[in-house]
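Novice: the following block contains a protein sequence and its predicted model.
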Amino acid sequence: MNAMRRLASHGLVYGLAGMAASLASFVLTPLYARYLGPADYGQLETLLALVQITTITSALGAGSASLALIIQPAGEPPAVAGSALAVVAGASLFCLIGGCLVAPWLAPSLHVPVAWVRLVALAGCLTALGQIPPAIWRARGQAWLLAGYSLVQVLFVLAANVYLVAVLGYGAIGVLIGQIGAQALAVIAGYWAIRSALREGVHGQTVRTIASIGITHVANSLATWTVLLSDRFFLVWLAAGPALGCYTLGNKIGAVAQLALASPLALAWPSFLQQVGRDTTFSNQYGALVEALAAYAGGLFLFLALPAALWVHLLGGAAYAGTAPLVPMLAAASLIAAFQPVLMSGFALSMRFRVIPLIAFGSALLNVSLNLWWIPLYGATGAAWTTLAAYAVAAVAGRLVSQRLWPLTIAWPRITAIGAWCGIVAVCGWQIPSDLGRLAWLLIYPLGILTLFRHWHQVAVGEGAMAAVFGAEPD
């Protein structure tokens, strides 16, 4: 129970920042649609996708590597913060110069000025530099510091976008300027907050370790980027009509599970592993935690999927009516993605990450292949099923390898029972014609979950009593 409370409290604090980011995304979507127009908004999304690529290559996985080094069972190596900064600074300088050099060639194909592409490179490099302080705080369990930092950053982005886009009418370039300003302030504030850790300097062996671990995370991040964004390009090329718009809105609704609710648990998980992962009783605690998280995930899925038409109407209106059938698949995909760190805990506990890029690459390859096959046949529905399949295969493969690296027990019959109950509630709920009626029907789900957990508790108590009576050694 102490482990459960620790994970829940950290997850709640991390969730404050995650929920704010999700709400900011929903608030900014109608702002962009109204003030930029469809063409400019599509152009903006392309530029933001390039920012993500620049961030991935500039960060060189140093944030994730720093987190892994701090929580490893052998103890924290010297000068992690300064060494991580050295890795990211070198990679960012290289990417910034490269971005400026390729901008004259890349800009015409994107139909944007050359200066915009150079701003994209700058935004990506600043975002990469800003990843180190939050990684340090996450690994050391400084949840409130991370939450406050993230919330202030989100508020600044909101204010900057409203002022630059709505008031001054700067359009897509205003969004880029706002992001650059927010990331620059975040870098200054973040490194000032970890200045004591930076005083340790740079350690050569730590730099090499961060770079070697980080490379695996870069490959994983690039594969994840492919899974997340490639389907949008395939929808443009292979589908007709409003398929891309419907799919995008469905992704936003489904991502609520990951960004606002499920993601905090994944953020709290690394520091949780550091505290209890070496405990001899952790395997039993792990099984109980996975059961609780599975029940929690089932409730999130039902909340998003059953009244999906209501969420679509509130966010997009009648023009996006075709989005509702996509929400169940995309919500399930988001939940699977959010809980992958939990299912793949063996990698962090064993400090062996080499297989992760292979799993990520296989998932990306599956995603691209299924997109080519299913989108021409089924449009946005095919893209949604492709996303779900790619994440599910990655989760299963990661769990199997993780179990070989560091065995952790999961009571699969109980997980199956939770999934079956969630499925029964979903199937029955979809027979209710009213969205409000479906929301009311959701109340039956926690009642069934409480009944299941109560039954399992009684069985455990009974088995303990039987063991005490019949399992004692004779005098």
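Specialist: Perfect, thanks for sending it. Source: prediction; values computed, not measured.
Novice: isn't residue 361 right up against residue 223?
Specialist: Yes: the criterion here is CB atoms under 8 Å, and residue 361 meets it with residue 223 at 5.3 Å. Every residue, glycine included, has its C-beta placed from N, CA and C.
Novice: more neighbours: these two, which one.
Specialist: Comparing residue 361 with residue 223 by other CB atoms under 10 Å, the one with more neighbours is residue 223, at 23 against 16.
Novice: what residues are up against that one?
Specialist: Contacts of residue 223 were listed using CB atoms under 8 Å, 6 or more residues apart in numbering, and they are 357, 360, 361, 363, 364.
Novice: min pLDDT across these, which one?
Specialist: By predicted confidence, the contacts of residue 223 are weakest at residue 357, whose pLDDT stands at 75.
Novice: can you tell me the centre-most residue of this structure?
Specialist: Centrality entry for the chain: nearest residue to the mean C-alpha point is residue 338, 5.3 Å, by CA atoms, centre = their mean.
Novice: let me have the contacts of residue 223 in TSV, extended by distance to residue 324.
Specialist: As requested, the contacts of residue 223 are exported to TSV (distance: CB to CB, whole Å):
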residue	distance to residue 324
357	36
360	30
361	33
363	26
364	28
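Novice: list just the nearest of those to residue 149.
Specialist: Among the contacts of residue 223, residue 360 lies closest to residue 149 (CB to CB), at 27.9 Å.
Novice: once you drop chain neighbours, what's closest to that closest one?
Specialist: If the residues on either side of it in the chain are set aside, residue 360 comes closest to residue 223, at 3.5 Å by CB to CB, 6 or more residues apart in numbering.
Novice: for residue 47, see how far away the one you found is.
Specialist: Spatial separation of residue 223 from residue 47 under the definition CB to CB, to the nearest Å is 22 Å.
Novice: pLDDT-wise, which helix or strand of this protein ranks last?
Specialist: The least trusted helix or strand in the chain, going by mean pLDDT, DSSP states H and E, turns out to be helix 263-276, with a mean of 60.
Novice: residues near residue 31, how many?
Specialist: Each residue near residue 31 was counted by other CB under 10 Å, and the total is 15.
Novice: can you offset everything so residue one is 42?
Specialist: In the new numbering, first residue 42, that becomes residue 72.
Novice: my guess is it contacts residue 207. True?
Specialist: Yes: under the contact definition of CB under 8 Å, residue 72 touches residue 207, with a separation of 6.2 Å.
Novice: how does the chain divide into domains?
Specialist: Each structural domain of the chain that the record assigns through automatic domain parsing is listed here as a residue range: 42-243, 277-502.
Novice: how about residue 197: what's its closest non-neighbour residue?
Specialist: Computed as CB to CB, 6+ apart, the closest residue to residue 197 that is not its neighbour in sequence is residue 223, at 4.9 Å.
Novice: residue 66 now?
Specialist: Beyond its immediate neighbours in the sequence, the residue positioned closest to residue 66 (CB to CB, 6+ apart) is residue 293, lying 6.9 Å away.
Novice: so where's the stretch 192-341 of the chain uncertain?
Specialist: With pLDDT under 70 as the threshold, the stretch 192-341 of the chain has low-confidence stretches at 257, 261, 268-271, 273-286, 300-325.
Novice: and if we set it to 80?
Specialist: Counting by pLDDT under 80, the stretch 192-341 of the chain has low-confidence residues at 192, 238, 241, 243-245, 247, 251-294, 296-328.
Novice: which non-adjacent residue is nearest residue 222?
Specialist: Once flanking residues are discounted, residue 222 sits nearest to residue 201: 5.9 Å by CB to CB, 6+ apart.
Novice: for stretch 466-474, buried residues please.
Specialist: For stretch 466-474, a neighbour-count test (16 or more other CB atoms under 10 Å) marks 466, 467, 470 as buried.
Novice: now do the same end-to-end measure for it.
Specialist: With CA to CA, to the nearest Å as the measure, the ends of stretch 466-474 fall 15 Å from one another.
Novice: distance from the chain centre to that stretch, please.
Specialist: For stretch 466-474, the gap between its own C-alpha mean and the chain's C-alpha mean amounts to 29 Å (CA atoms, centre = their mean, to the nearest Å).
Novice: any idea of the mean pLDDT for the helix or strand hosting residue 462?
Specialist: Under the assignment given by DSSP states H and E, the secondary-structure element containing residue 462 is helix 453-470. Taken as a whole, helix 453-470 has an average pLDDT of 91.
Novice: which residues sit against the next helix or strand after it?
Specialist: Proceeding C-terminally, helix 453-470 gives way to helix 476-482 as the next helix or strand, assigned by DSSP H and E. Where contact means CB under 8 Å, 6+ apart, the residues beyond helix 476-482 that reach it are 347, 348, 350, 351, 466, 469, 470, 471, 473.
Novice: ok, the first one - contacts?
Specialist: So the one you mean is residue 347. Neighbour list for residue 347: 467, 470, 471, 479, 480, 482, 483 [criterion: CB under 8 Å, 6+ apart].
Novice: number of nearby residues for the residue nearest to residue 66?
Specialist: Residues lying near residue 293 (other CB under 10 Å) number 20.
Novice: please apply the same query to residue 65.
Specialist: By the measure other CB under 10 Å, the count of residues near residue 65 is 16.
Novice: wait, residue 397 touches residue 387, no?
Specialist: No: using CB under 8 Å as the test, residue 397 is too far from residue 387 to be in contact (11.1 Å).
Novice: quick check: residue 132 touching residue 172?
Specialist: No: using CB under 8 Å, residue 132 and residue 172 do not qualify as a contacting pair, with a distance of 11.6 Å.
Novice: find residues that contact each of those two.
Specialist: Common neighbours of residue 132 and residue 172, counting by CB under 8 Å, 6+ apart, are 100, 103.
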